[in-house]
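S.K.: Okay, predicted coordinates and the sequence, questions at the end:
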Amino acid sequence: AQTVTQSQPEMSVQEAETVTLSCTYDTSENNYYLFWYKQPPSRQMILVIRQEAYKQQNATENRFSVNFQKAAKSFSLKISDSQLGDTAMYFCAFMKRAYGGSQGNLIFGKGTKLSVKP
Amino acid sequence: DSGVTQTPKHLITATGQRVTLRCSPRSGDLSVYWYQQSLDQGLQFLIQYYNGEERAKGNILERFSAQQFPDLHSELNLSSLELGDSALYFCASSGRGDPYTGELFFGEGSRLTVL
């Protein structure tokens, strides 16, 4: 079974600074996806960034980037130029790549509560 | 707006009762997933349907059941409710276009409070 571990229950960062959220996972699969989802106080789950395991290049989306270390099973999220709107719970998630017309399900970590301070 | 609609947004009921949560996926999405988010258990996968058929089952209690209808909307039925069932229940969908992006689109959730 796959597991996802986020070892930082809470973090804080000053506005405009950079912060890194950690995530490790355990799997015997070779083909999978990794995600970071954001859940602001509105509780909507919002996809931040996505990484396919077969791609060595780290994914980037504007101020968000990941450090994907497949051998170490590590998938950290870096937020640059932090903004007040980044305040939210951040969940790391794993999905085994499925075949046959449907995707697999997401396995989530426990989350990291990020507070961006003015 | 993710395109996934969940109703009701909030629901308060008593122990022993039964409730039904409804989910309308994004137009054209074939897969529907149900997740439960609680403080102690975090986000847990309950069940997945694909084009009307059960595709995967997670930590779903026997008191809970789900189905996906021909129009692709889904319902999650929770019966003999207990205090511990109080949680946020998310529906997500995927499958329109390239099914292998891995991305799920989440609704805003249904907050269930059992008193």
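M.R.: That came in fine, so what should we check first? From a predicted model like this one, the values you see are computed outputs, not experimental measurements.

S.K.: Chain B contacts on chain A?
M.R.: A:33, A:35, A:42-47, A:50, A:52, A:91, A:95, A:97, A:101-111 (Cβ under 8 Å from any Cβ of the partner chain). Placement of C-beta: from N, CA and C, glycine included.

S.K.: Quick one, which of those residues are buried?
M.R.: Neighbour counting with 16 or more other Cβ atoms under 10 Å in any protein chain shown marks A:33, A:35, A:43-45, A:47, A:50, A:52, A:91, A:95, A:97, A:102-111 as buried within the residues of chain A next to chain B.

S.K.: For the residue positioned nearest the centre of chain B, what is the enclosing helix or strand?
M.R.: By Cα atoms, centre = their mean, chain B has its centre lying nearest to residue B:34, at 3.0 Å. Using DSSP states H and E, residue B:34 falls within strand B:31-38.

S.K.: tell me the angle of the helix or strand that that strand is followed by relative to strand B:31-38?
M.R.: Next in sequence after strand B:31-38, counting helices and strands by DSSP H and E, comes strand B:42-50. Relative orientation of strand B:42-50 versus strand B:31-38 (axes from the mean of the first three to the mean of the last three Cα atoms, to 10 degrees): 160 degrees.

S.K.: Next SSE downstream of strand B:42-50?
M.R.: Sequence-wise, the next helix or strand downstream of strand B:42-50 (DSSP H and E) is strand B:53-57.

S.K.: elements contacting that next one?
M.R.: strand B:42-50 (3 or more Cβ pairs under 8 Å, 6 or more residues apart in numbering or on different chains; DSSP states H and E).
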